[in-house]
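Asker: quick one: sequence and predicted model below, then my questions.
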Amino acid sequence: MLTRRFFLVPAAAGALVAAPAFAAEKIDYTPSAFDAALKDGKSILVEVHAPWRPTCKAQKPVLAEIEAKPEYKDLVVVHVDFDSQKDALQRFGARMQSTLITFKGGKETGRSVGQTDPAALAALVAKAI
């Protein structure tokens, strides 16, 4: 006879593996969401991304690993789609895909374009904390 526990234990175990406990918060860019995070003085990483660009594809797993670390649990990662969010590109002065911008205390603290080196990306993201 199958019990509820038979089904719930594997499901709970899968949920624990699916998302790290200390992952950064990820949001899609909207002016109001970004302004709220900025006003609250949150640590922010803006990722200007194009899914078809090889550099963006190379950045994605490196950034995911960095953002999953406990020290970045309060980081807000704002995703900007390069192809469809031209207002955001103008706001951030981003002229290319693979642009990363960090903010801390309401001010820009770092910027990178086209960087894929894990150590350089880690150093950039650390500027937000």
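Answerer: That came through fine.

Asker: what strand or helix carries the residue positioned nearest the centre of the chain?
Answerer: Nearest to the geometric centre of the chain sits residue 77, at 3.2 Å (CA atoms, centre = their mean). Here residue 77, judged by DSSP states H and E, is contained in strand 76-81.

Asker: what lines up beside that strand in the sheet?
Answerer: Strand 76-81 pairs in its sheet with strand 25-28 (parallel), strand 44-49 (parallel), by DSSP bridges.

Asker: okay, and for the protein, where does confidence drop off?
Answerer: 1-22 (pLDDT under 70).

Asker: where do the helices sit along it?
Answerer: 4-18, 31-39, 54-67, 86-92, 118-126 (DSSP state H).

Asker: and residue 48, which of those helices is closest to it?
Answerer: When those are ranked by distance to residue 48, counting by CB to CB, first place goes to helix 86-92 at 6.9 Å. Quick note: C-beta positions are derived from backbone N, CA and C, even for glycine.
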